[in-house]
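**Q** I would like the atomic coordinates for the input below:
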Amino acid sequence: MKPTWFRFSVQPVRTCVVFISIASATLLSVGGSGAFAQPAGPATMAKQTITLDGANAMTTAALAHAKELGLQEVIAIYDESEILKSLVSMDGARLTSVNFALDKAYTAARRQAATQDLADNFASAPAVTVQSFLKQPRLTLLGGGMPIMVDGQVVGGIGASGGTIAQDIEVANAGLAGIQH
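**A** Take a look at the predicted model:
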């Protein structure tokens, strides 16, 4: 015996299936909407990304430069798909530098711009624009984040934190130089 709350009639379901089938056939036979049309061009695209080897080369170059400057930096590298490829924290680096480096690398990759350039562009923007930008999770206007560009395409972002803004930018640029030939 079925419970009283389990009452099911097959007839309404058959009617619904028939109606959907007729509606679908009619829509397709008259051309339907653009949602069913074939795309005019390719449906996918090739994109480049930073490899682990590339991220490691950048990290090594950035760390070497930070040591030359006598800094305790944190270096973060994301690929273009927001996958963290590298995160290193030098001995003695501040705990807060970890999140700053992550946010700088993320922002540079997502916005496809250096974080200092974004800060400069927002300097004359209305306060509401800056507040709206900064409400988005993980975005920052702190300098020291750089997009990683290969053949004009953003393949990731590097962020450095632990020194002054100028020092962080210098360390991030040293990291970028680690993959340039």
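**Q** rest of the way, CA atoms for contacts and neighbours
**A** Will do.
**Q** For residue 85, see how far away residue 60 is.
**A** Relative to residue 85, residue 60 is positioned 13 Å away (Cα to Cα, to the nearest Å).
**Q** I should have written residue 156 there, sorry.
**A** Distance, residue 156 to residue 85, by Cα to Cα: 9 Å.
**Q** next one: residue 108
**A** Distance from residue 108 to residue 85, by Cα to Cα: 14 Å.
**Q** all helices of this protein, in order?
**A** Taking DSSP state H, the helices of the chain run over residues 10-29, 52-69, 96-111, 115-122, 127-135, 165-177.
**Q** in the second one, what counts as buried?
**A** Within helix 52-69, the residues that qualify as buried are 54, 55, 56, 57, 58, 59, 60, 61, 62, 63, 65, 66, counting by 16 or more other Cα atoms under 10 Å.
**Q** thinking again about what came up before, which residues are in contact with each of residue 156 and residue 85?
**A** When contacts are counted by Cα atoms under 8 Å, 6 or more residues apart in numbering, residue 156 and residue 85 have 77, 78, 79 as shared neighbours.
**Q** shaky segments in the chain?
**A** 1-39, 181 (pLDDT under 70).
**Q** repeat that with 50
**A** By pLDDT under 50, the low-scoring segments of the chain are 2-10, 13, 15-21, 23, 27-28.
**Q** Check it for its longest strand and report it.
**A** The single longest strand within the chain, with elements called by DSSP state E, is strand 153-161.
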